[in-house]
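Peer 1: Can you look at this prediction? I've put the sequence above it.
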Number of protein chains: 2
Amino acid sequence: MSEPVKVEVGLGERAYDILIGPGLLGRAGAEIAARLPGARVAVVTDENVAAAQLPVLQAGLEAGGVSSTVITVPPGEKTKSFSHLETVVDGILAAKLERRDAVIAFGGGVVGDLTGFAAGIARRGMPFVQVPTSLLAQVDSSVGGKTGINSPRGKNLVGVFHQPKLVLADTEALDTLPVREFRAGYAEVAKYGLIDRPDFFAWLEKNWQAVFAGGAARIEAIAEACRAKADVVARDEFETGDRALLNLGHTFGHALEAAVQYDGARLVHGEGVAIGMALAHRFSTRMNLASPDDAARVEAHLKAVGLPWRMADVPGGLPDAEALLGFIAQDKKVSRGTLTFILTHGVGKSFVARDVPASEVLSFLKENHPG
Amino acid sequence: MSEPVKVEVGLGERAYDILIGPGLLGRAGAEIAARLPGARVAVVTDENVAAAQLPVLQAGLEAGGVSSTVITVPPGEKTKSFSHLETVVDGILAAKLERRDAVIAFGGGVVGDLTGFAAGIARRGMPFVQVPTSLLAQVDSSVGGKTGINSPRGKNLVGVFHQPKLVLADTEALDTLPVREFRAGYAEVAKYGLIDRPDFFAWLEKNWQAVFAGGAARIEAIAEACRAKADVVARDEFETGDRALLNLGHTFGHALEAAVQYDGARLVHGEGVAIGMALAHRFSTRMNLASPDDAARVEAHLKAVGLPWRMADVPGGLPDAEALLGFIAQDKKVSRGTLTFILTHGVGKSFVARDVPASEVLSFLKENHPG
């Protein structure tokens, strides 16, 4: 088997590797034992991932001499709650794991965020390993140490920064993903090109079909996305500055997700980000920051891959512009009453814009509202 | 009013001051505003402290132009639970505090541990300030960033390391403490002398009555205890080595607390630590590590101040030696089946002893058992 691609997240004594390639579930035990000698592990996963892929991971752990127990949680966003956090922490403690043992997050973003948080607080912090099984988790949530759960007051409002010791992104694990989910994850891949990697975006415009098909192009796309994220995280681990760039498309996107009450049948997170990125580029055009050609180029690419790119693409209609602005103003990126957006000077030239006038946003939403 | 004593905890970009002296509640607003300009605060406290001292703190915050809301929890160890953690976090978010605002822990160790944990996870970490109102909290739990709650699997098994931005130890706040509680806190003061400050222990032998009476000697004792703890924490923030020295007396002590089922009417934490310290010295004598004179000196001092110092001092009797060893073996400081103790070569010469034979501990417990 060919060696996986390795991307290092350069965080000094918290530095770790992301390994990307096929067959990594099967060598999970060897990779973990090499980094955490003698560690026992608890695998946290959801019922769907457990049914489809747990035996492969367990065999891989056993082959490397790593003994494991399993903690299973229900699939879905509702699992990111205090109640499931308590369950997972109790499972870790019940397995009598010590601070030299490890917790494995095996699943998508929900499992990764919940498990990372549980590992961050059990015995005041235990080593953990991310084994993401969705494209979104492989290129985004599994890297960078943000963990957490939701609060009735908003998403991801409770958590810790807790870096994993290792990320194993098995590209074969993506073969069973529904195409809609893969496509939604692809929006976050394209995002890195739009933030500050124009050559990568141009490469994706030419090669996206190969990325969807699998094989070398998919591995390269995931690796480049991880390199991009690792760079940003190494510059700003605790999100006091540049890391906010990763929110490109997320302010508009979160407002749309909230507007459909997080109904995944209508809009999943990556789709909201896709529309949000297109809107961020179009709004930048309106603010005379970027050329309309760039906005058109982004819209064309999202459309080509089959992603939604405008508000009219959200099925079932949307509340009016005032209501959408209300969702934006509730977003946690609002600081002391001013609106913060990630805007752009063009493809690969995004920046953090503070003090964006709410009146301009409202006019823009009215002009682009489908209803 | 005289200036408070200042002790700095040297943790680089996480460094902070401990201020010790009378009247600090009244200047809390000024001290906080100087360090966190523009911050709003949520004060977390328990019903007893709120009734006795909250108006003084609130007036002090107002005088410094700091606006505040209050979150009240029940007093007692049971409050260190997931359920109260969720309540406090929700209160912080409901007050719409942002990452530049702050959370104040106003109370004893329970409030400090719970509040620090809540501040550590709300919005993935918010600034917090410790305003300890018990001697135990002023010299131990408010300094060093260990926060947490209990689990059915054991005490303090869930939490984070989250350093405060400031500790305000108002020595006047101790005037209303019941003498038994002050005495229990004093055990942790004496502990620092026994760990590595023999001159401090000798000073306490001479001056303990003045410390109990209040005034300059009390301030000096608290300041020296904080300096001692700050030194250890600066050397080993995340307890991978030397910080374990702070557990002097705690392994035997926790076993006794567990043996009385944490019934504070029979034994409070500081009293368990007092007996534990005496036993650690006596056990060190038995292991030919220290002179019997040192053990006798420790016992004499604890007895002089009115603290329990032997197992026979626990009212209501104890389970047999085998059962006590069982409680010790369940302690979290057990690593891969070996017993770790803090032992000593004499007053002020403690060290971390790994691989202590359980058989020796059992014989020692039998010899010293009152039953």
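Peer 2: Structure received. Everything numeric in this text was worked out from a predicted model, so none of it was measured.
Peer 1: Could you pick out the longest helix of chain A?
Peer 2: In chain A, taking DSSP state H as the definition, the longest helix is helix A:216-235.
Peer 1: next structured bit after that one?
Peer 2: Counting by DSSP states H and E, the element after helix A:216-235 in chain order, helix or strand, is helix A:250-259.
Peer 1: Quick check: next helix or strand after that next one?
Peer 2: Sequence order places helix A:269-286 as the next helix or strand after helix A:250-259, per DSSP H and E.
Peer 1: Who are the packing partners of that next one?
Peer 2: helix A:179-196, helix A:250-259, helix A:292-305, strand A:339-344, helix A:358-368 (3 or more CB pairs under 8 Å, 6 or more residues apart in numbering or on different chains; DSSP states H and E). No exception for glycine: its C-beta is placed from N, CA and C like everyone else's.
Peer 1: can you do 7 Å?
Peer 2: The contact analysis (3 or more CB pairs under 7 Å, 6 or more residues apart in numbering or on different chains; DSSP states H and E) places helix A:269-286 against helix A:179-196, helix A:250-259, helix A:292-305, strand A:339-344.
Peer 1: what's the angle between it and helix A:179-196?
Peer 2: 40 degrees (axes from the mean of the first three to the mean of the last three CA atoms, to 10 degrees).
Peer 1: And what about the closest residue to A:Val88 other than its chain neighbours, helix, strand or coil?
Peer 2: With sequence-adjacent residues excluded and distances taken as CB to CB, 6 or more residues apart in numbering or on different chains, A:Val88 is closest to A:Ala118, at 4.0 Å. Classification of A:Ala118 using DSSP: H, G, I helix; E, B strand; the rest coil returns helix.
Peer 1: Give me the phi and psi for A:Val347.
Peer 2: phi -60, psi 120 (degrees, to the nearest 10).
Peer 1: contacts for the helix or strand harbouring A:Val70?
Peer 2: If you go by DSSP H and E, A:Val70 is part of strand A:68-73. Residues outside strand A:68-73 that contact it (CB atoms under 7 Å, 6 or more residues apart in numbering or on different chains): A:41-47, A:50, A:54, A:58, A:61, A:79, A:84, A:87-88, A:91, A:95, A:111, A:114.
Peer 1: Among those, which are located in helices?
Peer 2: Using DSSP H, the contacts of strand A:68-73 in helices are A:47, A:50, A:54, A:58, A:61, A:84, A:87-88, A:91, A:111, A:114.
Peer 1: Could you dump the residues you listed into TSV and include pLDDT, neighbour count and distance to B:Gly317?
Peer 2: Converted to TSV, the ones in helices among the contacts of strand A:68-73 look like this (pLDDT from 0 to 100; neighbours: other CB atoms under 10 Å in any protein chain shown; distance: CB to CB, whole Å):
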residue	pLDDT	neighbour count	distance to B:Gly317
A:Glu47	96	14	50
A:Ala50	96	19	49
A:Leu54	97	18	50
A:Gln58	98	19	49
A:Leu61	98	24	48
A:His84	98	19	42
A:Thr87	98	19	38
A:Val88	98	25	39
A:Gly91	97	20	36
A:Val111	98	31	49
A:Leu114	98	27	45
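Peer 1: who does the longest helix of chain A touch, helix- and strand-wise?
Peer 2: By 3+ CB pairs under 7 Å, 6+ apart, helix A:216-235 packs against strand A:5-9, strand A:16-21, helix A:179-196, helix A:198-213.
Peer 1: As JSON lines, those with mean pLDDT and distance to A:Glu299 would be great.
Peer 2: Listed next are these as JSON lines, based on pLDDT from 0 to 100; distance: least, CB to CB, whole Å:
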{"stretch": "strand A:5-9", "mean pLDDT": "97", "distance to A:Glu299": "30"}
{"stretch": "strand A:16-21", "mean pLDDT": "98", "distance to A:Glu299": "29"}
{"stretch": "helix A:179-196", "mean pLDDT": "97", "distance to A:Glu299": "12"}
{"stretch": "helix A:198-213", "mean pLDDT": "97", "distance to A:Glu299": "12"}
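Peer 1: Mind putting the ones you listed into CSV with mean neighbour count?
Peer 2: CSV is the format used below for the helices and strands packed on helix A:216-235 (neighbours: other CB atoms under 10 Å in any protein chain shown):
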stretch, mean neighbour count
strand A:5-9, 18
strand A:16-21, 22
helix A:179-196, 23
helix A:198-213, 16
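Peer 1: Much appreciated, bye for now.
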